[in-house]
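Visitor: With the input below, show me the fold.
(chains A and B)
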There are 2 protein chains.
Amino acid sequence: MAGRTVEELGEFGLIDAITAGLPGSDALRLGPGDDAAVFTPDGDVVVSTDAMIEDVHFKKVWSGPHDVGRKAVGSALADLEAMAARPVGVVVALSCPADTPADWVLEFGKGVREECGLGGAVLMGGDVTRGEKIAVVVTVFGDMGGRPPLLRCGAQPGDVVAAVGRFGMAAAGLAVLTRGFRSPGAVVRAHRVPEVPYGQGRVAADAGATSLIDCSDGPLADLGHVARASGVRIDLDSAAFDIGEAQKTVAAAIGGGDPLTYVLTGGDDHALLGTFAPDAVPDGWRVIGRVLASSADEEDAVTVDGTAASAESSPGWRHF
Amino acid sequence: MAGRTVEELGEFGLIDAITAGLPGSDALRLGPGDDAAVFTPDGDVVVSTDAMIEDVHFKKVWSGPHDVGRKAVGSALADLEAMAARPVGVVVALSCPADTPADWVLEFGKGVREECGLGGAVLMGGDVTRGEKIAVVVTVFGDMGGRPPLLRCGAQPGDVVAAVGRFGMAAAGLAVLTRGFRSPGAVVRAHRVPEVPYGQGRVAADAGATSLIDCSDGPLADLGHVARASGVRIDLDSAAFDIGEAQKTVAAAIGGGDPLTYVLTGGDDHALLGTFAPDAVPDGWRVIGRVLASSADEEDAVTVDGTAASAESSPGWRHF
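Guide: Numbers count the residues shown, from 1 in each chain, chains lettered A, B, ... in the order given. As a prediction, this is how the structure comes out:
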């Protein structure tokens, strides 16, 4: 492959290289190579699709192809965790310029396969086409194994809000990369690849969670979805978040202040946020707030330490 | 919406507008609005993903947004027909520039929903993001209802090759559009929106088809996949294809000759090509060739009237 472009390798050569020796699974009935893939689900099927676009969601100078593959798959699989589904399969549509090095695509494919393995899913198929910028669309499938899906709309006043996973790491990483730095390494790595708490969606369901969401746009924005869907308010306890040294360093050096801003509004870490009866929080989850009866005013669906979050800390990620 | 851009409307405003009043289905358990969609399949689940990229697969000056939505969904659902699956659901990832008129996206959404309705599927979810060019990735899923999937690898010497749907129409349309013309209307419309023979995959399975594929790259290329997967040769009967007046007109005016070239090598019409015992061809399908024992020479996996297809009529669609 060395030195060859995707144009030289061709669509079918690329697909063969990416899918060589793909692992199977008990659920997978037919993998890549026919018109479509086939799997045998255990119960209802859960589906989500997520796009990652070059220079919108990632930059090639900041993230290698392996990172892009892992992040694209991980952020999509996090949506299955957020339903308490078991990840089963992944299909990937990749567009890239004809002069993209074939090695870039093969490393991307390795990242896809590695993250699939971490999540318990298998790569089932895909599409490779030409495009001016790299665009990755990952669609993921899971099954419920007889469970009902765990929705956003079941939070009850009296519940606590609990979380598993990281907050504000990827945002701090993006902040330093945007300013031309490459450290601290922990936050830069977090921007490149999320650490999805695989398996914890089912743990939350088994514990009796009343709602669940994955944190893609920051807890203020994502818990706003939960609060509005459930018709409740949520108050977060700022002292309950574990703010790491790396985020403090970044905030002091370039953020001009409070690392809590990254934690409350930073996306892309894909922690899970659930609501539970106070005595039902699973091991490994941290209580970060509580669910209150709703007021008529939707503006304060989520408060921090009892007060409305400031404007600069509330927008979440805007796609447009 | 008049005059507003997608940036002004915002991601959630766009999604709300596209998904307002979405139809449900018996299989759909949870539609758009949570982390993922949920459906209850009947038997094994079939999955395929397809990308359509602006200025690679379509041009905005040739195809309106409604056409783009219909074609993206239709070409993906054709892959489910080719497995003899029942279409169930569709998820769509759309990337577009921030200054795209909101009306473009809403008309695109209407096209998506119209084609879903024709195919018997429902729109279950999606993702809307920013990107420099419009990129559409449609992922479709269906179920087998207890049937085994109908693969490419079962063609047997002695079978006939039969087809349902159109050939060479979209390619003739692309040829005239490329040269700056807008007629004949029939072929231009065929380039814009395929006429997928919905339901005919299951008809083929019920008739005992030994293999099935959808024709996305032209019958020479696609039957080449069948021949190689099945370890057979295929000989096509050129006189068996129904060549319309529009294709003859286009070939005479700009192709410099034989309209059969469009028919044999033109993609994007999404006819179905199956192999059957000679007495098992379903009503409405046309016999276009026969399956022969394989030779060692893979170069002539598909012949026309007993001779190798000429070089200029054999490449099919190259993605790179």
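
Visitor: going forward, measure contacts between C-alpha atoms and count neighbours the same way
Guide: OK.

Visitor: Can you tell me the centre-most residue of chain A?
Guide: Compute the mean C-alpha point of chain A, and by Cα atoms, centre = their mean the closest residue is A:Ser75, 2.8 Å away.

Visitor: and whatever helix or strand it lives in, does that touch chain B?
Guide: Following DSSP states H and E, one finds A:Ser75 within helix A:65-81. Yes: Helix A:65-81 lies within reach of chain B by Cα under 8 Å from any Cα of the partner chain, at A:79-80.

Visitor: Check which helices and strands that helix is in contact with.
Guide: Helices and strands touching helix A:65-81, as assessed by 3 or more Cα pairs under 8 Å, 6 or more residues apart in numbering or on different chains; DSSP states H and E, comprise strand A:45-53, strand A:86-96, helix A:102-119, strand A:135-143, helix A:185-192, helix A:200-206, strand A:211-214.

Visitor: Dump these into a markdown table; add mean neighbour count and mean pLDDT as well.
Guide: Output for these, formatted as a markdown table (neighbours: other Cα atoms under 10 Å in any protein chain shown; pLDDT from 0 to 100):
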| stretch | mean neighbour count | mean pLDDT |
| --- | --- | --- |
| strand A:45-53 | 27 | 97 |
| strand A:86-96 | 25 | 97 |
| helix A:102-119 | 21 | 97 |
| strand A:135-143 | 29 | 98 |
| helix A:185-192 | 22 | 96 |
| helix A:200-206 | 22 | 98 |
| strand A:211-214 | 30 | 98 |
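
Visitor: about what we covered before: now do the contacts for the closest residue to the residue nearest to the centre of chain A other than its chain neighbours.
Guide: Closest residue to A:Ser75 apart from its sequence neighbours, by Cα to Cα, 6 or more residues apart in numbering or on different chains: A:His270 at 6.6 Å. Contacts for A:His270 (Cα atoms under 8 Å, 6 or more residues apart in numbering or on different chains) come out as A:75, A:78, A:165-166, A:194-197, A:214-216.

Visitor: switch to 6 Å and redo it
Guide: A:His270 sits next to A:196, A:214-216 when contact means Cα atoms under 6 Å, 6 or more residues apart in numbering or on different chains.

Visitor: Assumed it was part of a helix.
Guide: No: secondary structure of A:His270 (DSSP: H, G, I helix; E, B strand; the rest coil): coil, not part of a helix.

Visitor: Could I get the helices and strands packed on helix A:65-81 in TSV, plus columns for distance to B:Gly125?
Guide: Shown next, in TSV, are the helices and strands packed on helix A:65-81 (distance: least, Cα to Cα, whole Å):
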stretch	distance to B:Gly125
strand A:45-53	7
strand A:86-96	16
helix A:102-119	22
strand A:135-143	11
helix A:185-192	26
helix A:200-206	20
strand A:211-214	16
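
Visitor: Out of the contacts of A:His270, flag the one nearest to chain B.
Guide: Among the contacts of A:His270, A:Asp214 lies closest to chain B (Cα to the nearest Cα), at 7.5 Å.

Visitor: Leaving out sequence neighbours, find the closest residue to the closest one.
Guide: Sequence neighbours aside, A:Leu272 is the residue nearest to A:Asp214 in space, at 4.5 Å (criterion: Cα to Cα, 6+ apart).

Visitor: Verify the contact between the one you found and A:Ala162 for me.
Guide: No: at 8.3 Å, A:Leu272 and A:Ala162 do not qualify as touching, with contact defined as Cα atoms under 6 Å.

Visitor: Compare the two (neighbour count), which wins?
Guide: Neighbour comparison, A:Leu272 and A:Ala162: the larger count goes to A:Leu272, with 28 against 25 (by other Cα atoms under 10 Å in any protein chain shown).

Visitor: Quick check: pLDDT value at that one.
Guide: At A:Leu272, the model reports a pLDDT of 98.

Visitor: That one pairs with what?
Guide: With DSSP bridges as the criterion, A:Leu272 is bridged to A:Val164, A:Asp214.

Visitor: and it, what does it touch?
Guide: A:Leu272 makes contact with A:163-164, A:213-215 under the criterion Cα under 6 Å, 6+ apart.

Visitor: What separation do you get for the residue nearest to the centre of chain A and chain B?
Guide: Between A:Ser75 and chain B the computed distance is 11 Å (Cα to the nearest Cα, to the nearest Å).

Visitor: same check, this time on A:Ser230
Guide: Relative to chain B, A:Ser230 is positioned 12 Å away (Cα to the nearest Cα).

Visitor: A:Gly31 too?
Guide: 10 Å.

Visitor: Make sure that residue is actually in contact with A:Ala37.
Guide: Yes: between A:Gly31 and A:Ala37 there is a contact under Cα under 6 Å: 5.1 Å.

Visitor: Among the two, which residue is more densely surrounded?
Guide: Just comparing A:Gly31 and A:Ala37: by other Cα under 10 Å the higher neighbour count belongs to A:Ala37, 27 against 21.

Visitor: Distance of the more buried one relative to chain B?
Guide: 5 Å.

Visitor: Over to A:Leu106?
Guide: 16 Å.

Visitor: Give me the nearest residue to that residue, chain neighbours excluded.
Guide: Sequence neighbours aside, A:Ile18 is the residue nearest to A:Leu106 in space, at 6.0 Å (criterion: Cα to Cα, 6+ apart).

Visitor: Now do the same for the one you found: helix, strand or coil?
Guide: Per three-state DSSP, A:Ile18 ends up helix.

Visitor: count of residues packed around it?
Guide: Residues lying near A:Ile18 (other Cα under 10 Å) number 19.

Visitor: got a pLDDT number for it?
Guide: Predicted confidence (pLDDT) for A:Ile18: 90.

Visitor: And what about A:Gly224, helix, strand or coil?
Guide: helix.

Visitor: For A:Val187, see how far away the residue nearest to A:Pro194 when sequence neighbours are not counted is.
Guide: Nearest residue to A:Pro194 in three dimensions, chain neighbours excluded: A:Asp269, at 5.3 Å (Cα to Cα, 6+ apart). To A:Val187, A:Asp269 is 10 Å away according to Cα to Cα, to the nearest Å.

Visitor: again, but for A:Leu264
Guide: Using Cα to Cα, A:Leu264 is found at 15 Å from A:Val187.

Visitor: Could you do A:Leu212 as well?
Guide: Distance from A:Leu212 to A:Val187, counting by Cα to Cα: 25 Å.

Visitor: Could I get the full set of strands for the stretch 151-300 of chain A?
Guide: If DSSP state E, counting those that start in this stretch is used as the criterion, the strands of the stretch 151-300 of chain A fall at A:160-164, A:211-214, A:232-236, A:272-276, A:286-293.

Visitor: Compare those and report which one is nearest to B:Asp50.
Guide: Of all the strands of the stretch 151-300 of chain A, strand A:211-214 sits nearest to B:Asp50, with 26.4 Å by Cα to Cα.

Visitor: Report all helices and strands that the closest one contacts.
Guide: Applying 3 or more Cα pairs under 6 Å, 6 or more residues apart in numbering or on different chains; DSSP states H and E, one finds that strand A:211-214 contacts strand A:272-276.
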